[in-house]
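heads up, no residue letters with this:
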């Protein structure tokens, strides 16, 4: 318990003669009387006790203090959504799609199938390149870059390499892995742009290298100016920004061009059917099959699969809580990938059955619209969980969440796009076209 002691300086060498190994502080020491201005020395004792806890496990008492049942509830919630979509997809693949393939490939039923209509009727237009193929290639390439960064970081976190004792380790790992994954972004962007019969590959590669990193850099630099204006210690110094520029233009951009070089050298991905010279007219559809409605519906289920775990992630970021259940997070990420793939395939199949062959952008936006729900959830979280006052702190919150929502949009959209691409290639390669 605290008590008063009249300490005596040891002399010119510094220290206290009344607080040393030869003369420890005890309760029998005389207290220090206070009468007028004088020096007060504050001292404390440290008592070391032996503990059975190993050094590597010293953080467990803080990291595993939360209830795991809510995380299991999150897993079960995501699993139910996946099972629902898997059952719906299985019904389409095993019953409807199998029946369509058998009818389309049956020589006796060809005339009947042609009169009925369906997804086979658009075989001459389904592989027609979409509008703005370069922008789509940039989006998909950047999405692969962010997805690769997330998966590798998750593997390191699950293996225990990212300890909360090392502050900033997670952010450092994310930056370095995003830089290294630039080679994947360039390769994927180049392969897709070549498959879409693009010709301006230099500009597409440049956009892949600088578009989204440049937007994020400008946003954070502008936000940092507001923080400097508040004279906050949280402002990032110019030296750090210079180091980021060196990391970006010195490593990331060359890696993107290296990946694009190998991507353009690969042979072009040929579609299984030929594209007609004259585009087919897309028939009118009901309101519930319109692009805006189907895109918004498509993003709801992927967001529903992760929103419980998202609450804990946002709490750890904005309320300074520990988050170390990376095993649960890895399972949620896996279920998110499956959900995005299945919902995109289901809605893409319905779209093709309505003889609408404009699936390229729709496939990306269907699951990618979950980023819009994420930003909407951040607005609700701001009003219900946080007590942030002032213009600059509010601006910081919504800026960070807008950037995170954009990255989430790119990742989920890329998963949906590649799932639909594999699906469309598979079903049109299985039919016989005259």
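Received, thanks. For clarity, every value in this text was computed on a predicted model and none was experimentally measured.

what number of residues lie near residue 345?
Counted with other CB atoms under 10 Å, the neighbours of residue 345 add up to 24. All C-beta atoms are positioned from the backbone trio N, CA, C, and that covers glycine.

before we move on, which element is it in?
helix 326-353 (DSSP states H and E).

In that helix, which residues are buried?
326, 328-329, 331-333, 335-349, 351-353 (16 or more other CB atoms under 10 Å).

counting contacts, what elements does that helix pack onto?
helix 69-91, helix 133-158, helix 291-318, helix 360-368, helix 391-429 (3 or more CB pairs under 8 Å, 6 or more residues apart in numbering; DSSP states H and E).

give me that answer again for 10 Å
The contact analysis (3 or more CB pairs under 10 Å, 6 or more residues apart in numbering; DSSP states H and E) places helix 326-353 against helix 69-91, helix 133-158, helix 291-318, helix 360-368, helix 370-385, helix 391-429.

Can you say which of those is packed in most?
For these, the stretch with the most neighbours on average is helix 360-368, a mean of 26; neighbours defined as mean count of other CB atoms under 10 Å.

give me every residue that touches residue 219.
399-400, 402-403, 406 (CB atoms under 10 Å, 6 or more residues apart in numbering).

And it, how far from residue 227?
13 Å (CB to CB, to the nearest Å).

circling back: for the contacts of residue 219, which one is nearest residue 160?
Nearest to residue 160 among those is residue 400, at 26.9 Å by CB to CB.

wait, what's in contact with the closest one?
Contacts for residue 400 were tallied using CB under 10 Å, 6+ apart; they are 219-220, 223, 317-318, 378.

Looking at the residues you listed, spot the one nearest residue 249.
Relative to residue 249, and with distances defined as CB to CB, the nearest of the contacts of residue 400 is residue 220, at 16.3 Å.

so what pLDDT did that closest one get?
In this model, residue 220 is scored at 91, pLDDT.

any idea which helix or strand carries it?
With DSSP H and E as criterion, residue 220 is part of helix 201-229.

quick check: mean pLDDT across whichever helix or strand comes after that helix?
Scanning forward in sequence from helix 201-229 by DSSP H and E, the next helix or strand is helix 238-247. The average pLDDT for helix 238-247 rounds to 90.

I'd like to know which elements helix 238-247 is packed against.
helix 169-180, helix 201-229.

Format the ones you listed as JSON lines; extra columns: distance to residue 262.
Converted to JSON lines, these look like this (distance: least, CB to CB, whole Å):
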{"stretch": "helix 169-180", "distance to residue 262": "15"}
{"stretch": "helix 201-229", "distance to residue 262": "12"}
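
So which of these is nearest residue 43?
So among those, helix 169-180 is nearest, using CB to CB, at 35.2 Å.

Give the next helix or strand downstream of that closest one.
Per DSSP H and E, the first helix or strand lying C-terminal to helix 169-180 is helix 182-195.

got the angle for that following helix vs helix 360-368?
If you take axes from the mean of the first three to the mean of the last three CA atoms, to 10 degrees, helix 182-195 sits at 140 degrees to helix 360-368.

Just the buried positions in helix 182-195, please.
The neighbour-count check on helix 182-195 (16+ other CB under 10 Å) flags 182-195 as buried.

which residues does residue 43 contact?
5, 7, 16, 18-19, 25.

thinking again about what came up before, averaged pLDDT, the helix holding residue 345. What do you get?
Across helix 326-353, the average pLDDT comes to 88.

Run the angle between it and helix 360-368 for me.
Going by the same axes, to 10 degrees, helix 326-353 makes 140 degrees with helix 360-368.

Distance from helix 326-353 to the middle of the chain?
14 Å (CA atoms, centre = their mean, to the nearest Å).

Could you give me the buried positions within stretch 118-134?
Buried-residue list, stretch 118-134, by 16+ other CB under 10 Å: 118-128, 130, 133-134.

any idea how far it is from the chain center?
29 Å.

how long is that stretch end to end?
30 Å (CA to CA, to the nearest Å).

circling back: mean pLDDT for the helices and strands packed on helix 326-353 - can I get that in CSV?
Formatted as CSV, those follow (pLDDT from 0 to 100):
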stretch, mean pLDDT
helix 69-91, 76
helix 133-158, 93
helix 291-318, 86
helix 360-368, 93
helix 370-385, 93
helix 391-429, 93
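
Let me see the contact set for residue 388.
318, 382, 394-398.

per-residue confidence at it?
85.

can you check residue 117 too?
Residue 117 is given a pLDDT of 55.

repeat for the one 3 residues further on
In the predicted model, residue 120 carries a pLDDT score of 80.

Would you agree it is in contact with residue 357?
No. The pair residue 120 / residue 357 is not scored as a contact, 11.4 Å apart, by CB atoms under 10 Å.

so what sits against both of these two?
residue 126.

Could I get the contacting residues of residue 93?
Residue 93 touches 345, 349, 423, 426-427, counting by CB under 10 Å, 6+ apart.

possible to save the residues you listed as TSV with distance to residue 270?
Below are the contacts of residue 93 laid out as TSV (distance: CB to CB, whole Å):
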residue	distance to residue 270
345	22
349	23
423	17
426	15
427	16
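
Residue 367: which of these is nearest?
Minimum separation from residue 367 among these (CB to CB) is found for residue 345, which lies at 10.0 Å.

Now that closest one: closest residue in space, sequence neighbours ignored.
residue 423 (4.8 Å; CB to CB, 6 or more residues apart in numbering).

Could you do residue 294 as well?
residue 347 (5.4 Å).

what's the distance between that neighbour and residue 292?
Counting by CB to CB, the gap from residue 347 to residue 292 is 13 Å.

thinking again about what came up before, mind checking which of the contacts of residue 43 are in strands?
Among the contacts of residue 43, none falls in strands (DSSP state E).

Buried ones only from those residues, please, as a ChimeraX command.
Of the contacts of residue 43, the buried ones go into a single ChimeraX selection, burial set by 16+ other CB under 10 Å:
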select :5,7,18,19,25
